[in-house]
Every structure is written in structure tokens, then in C-alpha cells.
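**Student:** Quick one, structure for this:
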Amino acid sequence: MFDQKISQFKRQKGTVLITVILVVAFIALLIVEINKRVNYQSTLARNLIHRDQAYSYLIGMEELAKIYLQKGFDKEKEDTVHLNQAWAQSDITFPIDGGGMTATIKDMQSCFNLNSLGDKDKSNNNQPGQNNQANQSLVGPQPVNPSATGNLNYTNPNNQNEKTIGEEIFADYLDSVLVDSVIKPEALAAELRDWIDEDYTPSGPDGVEDLYYQGLEVAYLPANGEIAHKSELLAVRSFNGKIMSLIDEDICVLPDAKANQINVNTLSSDSAHLLHAALGKNVVLTKVKELISSRPKKGYDIKGFWDELGSGAKIKSDLKSRLTDTSRFFQMKSKAQINTTTVFMTTLFVKDDSNRFKVVSRYFGKD
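**Tutor:** The predicted structure follows:
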């Protein structure tokens, strides 16, 4: 009996020991988990502080860029904008506590403004001296409410089958860069025009309007107004990532359809196809490339550009009005890095006749 009690006591003692070990192990795991959570919350709080600091630094960079741009253009004796001016030189860099900031400025009239496809006006509305009027139209017109017409087949008084100048240029450009494409460049241009224009009638046989997008499995509506970012192209029927990768460097978005001119002085040699299209393909591509590579140090004045092109080139006046030697819109891509936190910002500026710069739009994130 006594031996039996000793054996039972030993078994109970072993059970207690196992229980103690399990409790200790549980507490150890709990401490490790609490420590991990504390470290995570601490890192998160630190990153949020660094993010807010980086945001403030980038807003400050914006103000510095406006001053930098204004002073640079105040020193210029001519109105021409070219790549040998201060704004187009090396990246702007600033050291900050724990990291640094960098910024790159680009002329946004060295690319094709997608919103210009919706401009039905044949005349040029972006000549120097009209900047104030253009600045007032940055928001653009509001789309027509389809319910007011009674049906989605609302007929616009303008001839829908007549291509806009922007549509012609864009189709010619796509024809040059989309080699072996199964999608017609004219169809892509018409689809994008229908996405942008205010009416609800397709632009000819290649156009698509609300009825197509409403019939998709995940239905949505076209913008029927100016687009805000070039990534919006991916929502248009026939555009895809492959097409976007081919045209990304030559396209841009400005918040004014009347900002339709391309600066012949700031186009890169890689954008020869865009200038070729802007000339209506009435000049051989090798001549266009030569015009870009042999630009004077201070760029062309627009008369000098046409003289260099030669009188043999028969360029329509509508196309001529789309080329210029100056620019109003500039984009700054900036980055602020503090320790492991990096914040990206893109800012669009517009320049007035007094060389003062105003922020038109900004967004955060990397393209």
C-alpha cells in the first residue's frame, strides 16, 4: 500500500512538471509574439513619420522648382524652349537628414497630348499671348448627360466621321510604331477619341461608345471627358500593356485639349516617329531624324525649323499649327528617401506669360 502511494505521488509530480514546462513554453512564446508586435508597431510608426517627412520635403521641392524654373526663364532673351536651358540639365539633388531628394524636369510638350484627340477645332489655340485664356480652360468642358437626350444614340451636330487633327497625328504615329499589329491604328485612335469626346455617337465604323462598355461582363462607362492619366488608356477597348509599352515615352496627358502643340526643340531622337507623324508623313523619316540630331545649340525658332525642312515639303497648315518652338507645360518627377522609406511624386506645372509657374496637378506613387 505504501509503495502504491509513492508510485502515485511520483506520477503526480511528473504531471505537475510537464504542466509547468508547458506553461513556461507558452509564456515564452507569448513574450516573443508581443516583442514582434511591439517591434512591428514601432517600425510602422517610424515609417509613417518618415513618410510624412518625405511628403513635406517633396512639397518644399515643388516650391523650389517653381523658383528655379522662373529664374531660369527670366534669364532667357528669347521665348524658345530647348534642351540646353538650365531646367533640362542634370537632376536636381538635395541632401536631407537620413537620406536625400532628387528631381527631374521634363517638357510636357515634347510628347503627344492624348486629350488633344478630342479637340475638333482646326485652328491653333495655343499661340504665345493666349496663355491666360488657356489657363482658364484647364478643367475642360463637362460631358453631356445622356439622360437629357432620351437615348444613348445622341447625335452630335458635328460630323462624327470627320477626323480631328489630333486623331490623324495619333493614327499616323501608331502606324509607325505598331509593327505587325492586328489592330488598325485608325481603330485605336477612333476608340480613344470616343473615350474622350463628350458625345455618345461612335466616331465612324471603328468607334465605340457607352453601349459597348455597358455590355462587358464588368460594365463601366467611358470618361466622355478629358482623361487624367495615360494609364487610363488600358480601359479603352483595344489598348493593352504591349501597346502601352511601345508608346509610353511619346504620350502624355495635359488637362487642356487645346494644349496640342509639340515643341520641335525638346523632342528626343527616340521620338522621331512622333515628329514624322506630326508632319503628316510628308517628309522621309531620315530627314526627320536629321532635323532632330542637327538642332542648333539654342534650338530652332519655328521659322528656322521650316526653312531647314525646305519648301519642297508640302505640310498642311492644320499640321503646321501643331508644331512650335516654345512650351508652357513642364513635369517634375521627384523622389525623397529617408532611411528605408521612399516617396515618389509627380507634379505638372504651367508657365504664364510672366514666367511664373503654377501647379496644375500632382499625384504620389511611382509610374
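
**Student:** From residue 302, how far out is residue 177?
**Tutor:** 25 Å (Cβ to Cβ, to the nearest Å). Quick note: C-beta positions are derived from backbone N, CA and C, even for glycine.

**Student:** Among the two, which residue is more densely surrounded?
**Tutor:** Between residue 177 and residue 302, residue 302 has the larger neighbour count (other Cβ atoms under 10 Å), namely 18 against 15.

**Student:** I figured that one was touching residue 324, is that so?
**Tutor:** Yes. If you go by Cβ atoms under 8 Å, residue 302 and residue 324 touch, sitting 6.1 Å apart.

**Student:** Now the common contact residues for the two.
**Tutor:** Common neighbours of residue 302 and residue 324, counting by Cβ atoms under 8 Å, 6 or more residues apart in numbering, are residue 264.

**Student:** tell me the domain ranges of the chain?
**Tutor:** Domain assignment for the chain, taken from automatic domain parsing, gives 1-108+327-367, 115-320.

**Student:** Mind telling me which of those the model trusts least?
**Tutor:** Sorting those by mean pLDDT places domain 115-320 lowest, at a mean of 83.

**Student:** highest average neighbour count across the domains of the chain?
**Tutor:** domain 115-320 (a mean of 17; mean count of other Cβ atoms under 10 Å).

**Student:** how far is it from where the chain is centred?
**Tutor:** 15 Å (Cα atoms, centre = their mean, to the nearest Å).

**Student:** do the same with stretch 356-363
**Tutor:** Counting by Cα atoms, centre = their mean, stretch 356-363 comes out at 14 Å from the chain centroid.

**Student:** just stretch 22-40 next, same as before
**Tutor:** 47 Å.

**Student:** and if you look at stretch 356-365?
**Tutor:** On Cα atoms, centre = their mean, the centre of stretch 356-365 falls 12 Å from the chain's centre.

**Student:** what residues does that stretch touch?
**Tutor:** Contacts of stretch 356-365 (Cβ under 8 Å, 6+ apart): 55, 62, 65-66, 69-70, 135, 138, 228-229, 255, 329-330, 343-352.

**Student:** In strands, which of those residues fall?
**Tutor:** 329, 330, 343, 344, 345, 346, 347, 348, 349, 350, 351 (DSSP state E).
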